[in-house]
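In: Generate a structure from the sequence data that follows.
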Amino acid sequence: MAELDKVLLNLVKPMVEDKESLDVRLMPSLDDKEVLLHVYAKNDDIARLIGRKGSMASALRQVMSVASHSDNKKVTIKFEQI
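Out: Residues are numbered from 1 along each chain as shown. The predicted model follows:
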């Protein structure tokens, strides 16, 4: 299985200004078919990652679903500010 947290980190790192505070964590999920990823960043960077009307977050979710498709897993991404 691909290390989806590292894949997502490599995708979002160029998009944020404060790269030091950026963190992506793989969290446990109750569903075996789900991968839960939390993105932690500062408030301005979270707004940038979500985008207008959630367009950037939607694009990130689509890319990550392709990355996890070979494992038959659903990817859930949550954005949290620190």
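In: Arg48 contacts Met56, doesn't it?
Out: Yes: with contact defined as C-beta atoms under 8 Å, Arg48 and Met56 form a contacting pair (7.3 Å). Yep, even glycine has a C-beta here, placed from its N, CA and C like the rest.
In: list the residues that contact both of those two?
Out: Counting by C-beta atoms under 8 Å, 6 or more residues apart in numbering, the residues touching both Arg48 and Met56 are Met15.
In: so how far is the lengthiest helix in the chain from its chain's centroid?
Out: Across the chain, the longest stretch assigned as helix under DSSP state H is helix 55-68. Relative to its parent chain, helix 55-68 has a centroid offset of 8 Å by C-alpha atoms, centre = their mean, to the nearest Å.
In: Pull the contacting residues for Lys33.
Out: Contacts of Lys33 by C-beta under 8 Å, 6+ apart are 72-74.
In: Now which of the residues you listed would you call buried?
Out: The neighbour count (16 or more other C-beta atoms under 10 Å) marks 73-74 as buried among the contacts of Lys33.
In: and which of the contacts of Lys33 is nearest Leu26?
Out: Lys73 (11.5 Å; C-beta to C-beta).
In: Backbone dihedrals for the closest one, please?
Out: phi -120, psi 150 (degrees, to the nearest 10).
In: For it, give its distance to Ser29.
Out: 9 Å (C-beta to C-beta, to the nearest Å).
In: Need the residues touching each of those two.
Out: Val35.
In: can you list the weak-confidence ranges in the protein?
Out: 1-2 (pLDDT under 70).
In: all helices of it, in order?
Out: Going by DSSP H, the chain shows helices at 4-12, 43-50, 55-68.
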